[in-house]
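# Show me how the following folds:
(one chain, ligands or ions: 2)
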Amino acid sequence: MSESILTEDVQILHGISPKKAAVLAESGVHSFRDLLHYFPRRYLDRSTVTAVRDLAEDAPAATVVGTVRASGIVPGKRTRRLEVIIEDERGDKMKGVWFQGVHWISRLFKKGERVAFHGKVQQYGRYFTMTHPDFDKLDAEGPALETGRIMALYPGSAKLQKAGLTSRSFRRIIYDLFKTHGLKIPHILPEWIQERYDLIDGRVALRAIHFPKSQVELNQARERLKFEEFFFIQLMLGLTRQTRRDVTTGAVFGKPGETYHRFLDEVLPFDLTGAQLRALDDVIADTQSGHQMNRLIQGDVGSGKTVVAVAAILHAIDNGYQGAFMAPTEILVEQHYANLQRYLKPLGLEVRLLIGGQRKLLREEILADIAEGRAHVVVGTHAVIQDTVAFHKLGMAVVDEQHRFGVMQRAQLFSKGEHPHMLLMTATPIPRSLAMTVYGDLDVSIMDEMPAGRKPIITKLFSEKRRGEMYEFLREQLREGRQAYVVYPLVEESEKMDLKDAESGFEKLQVEFRPYTVDLVHGRMFSYEKEEAMDRFKNGETDILVATTVIEVGVDVKNATVMVIEHAERFGLSQLHQLRGRVGRGAVQSYCILMADYRRSPEAEQRLNTMVQTTDGFKISETDLKLRGAGDFFGTRQSGLPDFKIADITQDQEFLIKARQAAFELLDRDPHLRDDEHAQLRTYYERYYAGRGMGLVRVG
Ligand code: ADP
Ligand code: MG
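Ligands and ions are numbered 1, 2, ... in the order given. Just a heads-up that it's a prediction; the model follows:
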């Protein structure tokens, strides 16, 4: 395949000096493709421009187009400011004001030039004013807006502006690219996909996203490019899955054996729910397939994922393999260890615990037991198990609370050569669209059924004024022999201050609730201290457990019926949901009390109301996604979400679903993309996607 025009250096374009090229490079624009994918941030046309006389305070941001009439730096008491007065075509004036970048911005505006300001306005004296508006210089000589032309405005930065790389110059450069090389831009998607999914041609779409001839064409271009963006991610996920199936053969297990059945029939005091049984059927089928299992169990808090994981491990043990059980926090690891011991002792199986801070000798003993196969299961944090453990014969690895780990980390699990069947568990029910991307390379079992007899948790919102009432309620519950959690937020930036919050709350509660026992657990304690505090609470020695969010995931104490969340307005929705899931784990009615400050943002208000209105994890996650946007949904750092340039995973689910269909259909037809018809696509995929992000995927 000849080198594609897309890889050409932007420097060969007319009007790009070495200096401009250097600045572009800093913005990530090196090649023709980068430039073509430098999508406009906004468009200007008649319908998106507001006349000065139609502006209003408190309205959403508006765009005003006008001619610069005056521009000057005004000395102030403390700082100077730049004021630029523009006049629109009806002769009304408004003002733009800058307190930062005063000098270089002042040099950009010349009297008589046409500009566009975008921002919210406030009325100061005579003029509507935009402070630090987003601005663009418009072509004075170019066609006026009246012609119905839609003009692209590009993302800018001070650096770009200073180098003369304004929206105007982007339009010129990209225009030049199309004029001189437009016909060489390759057609990437095969015709059959374009036809089936009703997409416009890719070359047309790229031209139209920069130079739309109409609103209709612009929309078609957007659709096509969004589809394409999703499509390649889905293709990557599909190939990851395919490669894993081709390359890593999984151990082939037989039917579930003796300990598996004894666990379900003799050890467990309850029957599995239908959802638990279905998840186990999936696991068993996977382990008999000859391929490595990569299955995610998605089940709301309290749906009973742990016993499914234990049964899966027993299935491996029955087949002569070992199991590993990994969790993100030591508290959880301890809890799983206790459960596994309780479940596996009667079956005559050996469980080992691996955490930080164990004595060297003990640790070596444990590692030897695992390496030589005397231990059937090891429980520990991911880091500990992945980095330090050599197994005798690992067959099943369980990863609890998987939502804390991104796709990348997942890809690295056991990269050393062991390929156990992987069972991932997440209590964060995520919307379908996100699941398709974040978990798009996995098979998913959904556990959408709670164990019988659970009562929905009652959630109430209290303000500080009603603290007395809350205490009264808490006292009633304690009198009935119940236990309670009181949780304080822990925000990383001010860990110390937050801890003080929890500590002073702890002291107050001790006084308030004498003679009940109050205890404190937080992230800065040694793990043995945390463990002891948790044990005391589990055994019922402690009535009220004050905690920072270390308590968030997985902790299971059935007699605890009240969860009080202090400063609830500071927590995110999924965190609130997880915390609430700590209660209501038995048959007794449980309560969640949200203590919140009156001064709270509209978003916080929505979060709190959502919590009061529903206990359905899927509904909560939909709301959460809308409020936070996809990037922050999991916490950006670990999300494993690709960085979408034009598509929006929350808004564009329709295209995402189509793109996934198309990508998987393509792999069905042509698993290794070897057809001539797919040659361009393959080249493009290999250059821009393979080996990036999610998996080390080769087309094969
Ligand atoms: P999660 O899915 O949140 O990890 P757990 O596995 O901790 O939930 O289970 C929550 C509680 O429900 C535990 O106390 C567990 O013993 C109990 N449980 C699990 N499955 C069932 C069932 N089928 N019937 C009754 N109780 C169950
Ligand atoms: Mg759990």
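# what sits up against stretch 471-483?
484, 512-513, 516, 537, 540, 542-545, 557, 559-562, 564, 588, 591, 593 (CB atoms under 8 Å, 6 or more residues apart in numbering). (Each C-beta comes from the backbone N, C-alpha and C, glycine too.)
# of those, buried ones?
Among those, those buried by neighbour count (16 or more other CB atoms under 10 Å) are 484, 513, 516, 537, 542-545, 557, 560-562, 564, 588, 591, 593.
# For Leu183, give me the pLDDT.
Looking at Leu183, its pLDDT is 89.
# Spell out which parts of the protein neighbour ligand 1.
Residues of the chain lying close to ligand 1 by CB under 6 Å from any ligand atom are 270, 272-273, 276, 299, 301-307, 427, 451, 554, 556, 558, 585.
# Identify, by residue count, the longest helix of the protein.
The helix that spans the most residues within the chain, counting by DSSP state H, is helix 215-247.
# Give the other helices and strands that that helix contacts.
Judged by 3 or more CB pairs under 8 Å, 6 or more residues apart in numbering; DSSP states H and E, the packing partners of helix 215-247 are helix 202-210, helix 432-438, helix 653-669, helix 679-688.
# quick one: buried residues of that helix?
The neighbour-count check on helix 215-247 (16+ other CB under 10 Å) flags 217-218, 220-244 as buried.
# try stretch 355-363
355, 358, 363.
# thought the first one was touching Val384?
Going back to what we said before, that points to Ile355. Yes. Counting by CB atoms under 8 Å, Ile355 does reach Val384; the two are 6.5 Å apart.
# Around the residue of the stretch 351-500 of the chain found nearest ligand 1, how many other residues sit close by?
Closest contact between the stretch 351-500 of the chain and ligand 1, by CB to the nearest ligand atom, is at Pro451 (3.2 Å). By the criterion of other CB atoms under 10 Å, Pro451 has 18 neighbours.
# residues in contact with it?
With CB under 8 Å, 6+ apart, Pro451 has these contacts: 270, 273, 302-304.
# Adding pLDDT, write the residues you listed out as JSON lines.
As requested, the contacts of Pro451 are exported to JSON lines (pLDDT from 0 to 100):
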{"residue": "Phe270", "pLDDT": "93"}
{"residue": "Thr273", "pLDDT": "95"}
{"residue": "Gly302", "pLDDT": "83"}
{"residue": "Ser303", "pLDDT": "89"}
{"residue": "Gly304", "pLDDT": "92"}
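# Quick one: buried ones out of these?
Among those, the ones that count as buried by 16+ other CB under 10 Å are 273, 302-304.
# closest to ligand 1 among these?
Gly304 (2.8 Å).
# So the spatially closest residue to Arg114 that is not a sequence neighbour versus Thr131, what's the distance?
Nearest residue to Arg114 in three dimensions, chain neighbours excluded: Leu138, at 4.3 Å (CB to CB, 6 or more residues apart in numbering). Remark: distance between Leu138 and Thr131 (CB to CB, to the nearest Å) = 21 Å.
# For burial, what's the neighbour tally of Leu673?
Leu673, neighbours per other CB under 10 Å, totals 20.
# Can you tell me the element it falls in?
Using DSSP states H and E, Leu673 falls within no helix or strand.
# Would you confirm that it contacts Tyr684?
No. If you go by CB under 8 Å, Leu673 and Tyr684 don't touch, sitting 10.2 Å apart.
# Okay, helices next: where are they in the stretch 551-700 of the chain?
With helices called from DSSP state H, counting those that start in this stretch, the stretch 551-700 of the chain shows them at 573-580, 602-613, 617-628, 630-633, 636-639, 653-669, 679-688.
# Kindly compare burial across those and name the winner.
Highest mean neighbour count of these: helix 573-580, a mean of 24 (counted as mean count of other CB atoms under 10 Å).
# what comes up buried for the longest strand seen in the chain?
Counting residues, the longest strand found in the chain (DSSP state E) is strand 62-74. Judged by neighbour count using 16+ other CB under 10 Å, the buried positions of strand 62-74 are 62-68, 71.
# which one of those residues is nearest Phe506?
Ala62 (50.7 Å; CB to CB).
# what helix or strand is Pro60 on?
If you go by DSSP H and E, Pro60 is not part of any helix or strand.
# And for the chain, the residue most distant from the center?
Distance from the C-alpha centroid of the chain peaks at Gly91, with 47.9 Å (CA atoms, centre = their mean).
# Checking that residue next. Helix, strand or coil?
Assigned by DSSP: H, G, I helix; E, B strand; the rest coil, the conformation of Gly91 is coil.
# And the one 3 residues further on, by the same measure?
Going by three-state DSSP, the secondary structure assigned to Met94 is strand.
# Of Leu138 and Thr131, which one has the most company?
Leu138 (22 against 15).
# Wait, that one touches Val65, no?
Yes. Using CB under 8 Å, Leu138 makes contact with Val65 at a distance of 6.8 Å.
# overlap in contacts of these two?
With CB under 8 Å, 6+ apart as the test, Leu138 and Val65 both reach 44, 114-116.
# Now rank those residues by neighbours and give me the top one.
Ranked by neighbours (other CB under 10 Å), the shared contacts of Leu138 and Val65 are led by Ala116, which has 23 neighbours.
# so His577 touches Gly617, yeah?
Yes. Using CB under 8 Å, His577 is in contact with Gly617, at 6.1 Å.
# which neighbours do those two share?
Counting by CB under 8 Å, 6+ apart, the contacts common to His577 and Gly617 are Val301.
# And the contacts of the longest strand of the chain?
Residues outside strand 62-74 that contact it (CB under 8 Å, 6+ apart): 42, 44, 48-52, 55, 80-89, 93-94, 102-103, 106, 109-121, 130, 138, 145.
# All the strands of the stretch 401-550 of the chain, in order from the start?
421-426, 443-447, 458-463, 483-487, 518-521, 544-547 (DSSP state E, counting those that start in this stretch).
# What is the second one packed up against?
Put plainly, it is strand 443-447. Under the contact definition 3+ CB pairs under 8 Å, 6+ apart, strand 443-447 sits against helix 274-288, strand 294-299.
# Show me this protein divided up by domain.
58-139, 258-447, 458-614 (automatic domain parsing).
# want to try CSV for those domains, with distance to His14 as columns?
Below are the domains of the chain laid out as CSV (distance: least, CB to CB, whole Å):
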stretch, distance to His14
domain 58-139, 17
domain 258-447, 39
domain 458-614, 47
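# Any regions of the stretch 151-300 of the chain where pLDDT drops low?
Applying pLDDT under 70 to the stretch 151-300 of the chain picks out no residues at all.
# If we use 80, what do you get?
244-249 (pLDDT under 80).
# Which strand residues bridge the closest residue to Ala568 other than its chain neighbours?
Among residues not flanking Ala568 along the chain, Leu594 sits closest, at 3.7 Å (CB to CB, 6+ apart). Residues in a beta bridge with Leu594, per DSSP bridges, are Leu461, Ile565.
# While we're on Leu594, how confident is the model there?
Leu594 is assigned 97 on the pLDDT scale.
# same question, Phe99
91.
# Surely it touches Arg81?
Yes. Assessed by CB under 8 Å, Phe99 is found in contact with Arg81 at 5.1 Å.
# Closest residue of the stretch 601-700 of the chain to ligand 1?
Nearest to ligand 1, among the residues of the stretch 601-700 of the chain, is Gly617, at 10.2 Å (CB to the nearest ligand atom).
# Just confirm that residue contacts Arg580, I think it does.
No. Using CB under 8 Å, Gly617 is not in contact with Arg580, being 10.0 Å away.
# overlap in contacts of those two?
Val301.
# mind checking how far Ala327 is from Ala397?
Here the criterion is CB to CB. By it, Ala327 lies 12 Å from Ala397.
# Those two - which one has more neighbours?
Taking other CB under 10 Å, Ala327 and Ala397 do not tie; Ala397 has more neighbours (28 against 25).
# Report the beta-bridge partner residues of the more buried one.
Ala324, Met422.
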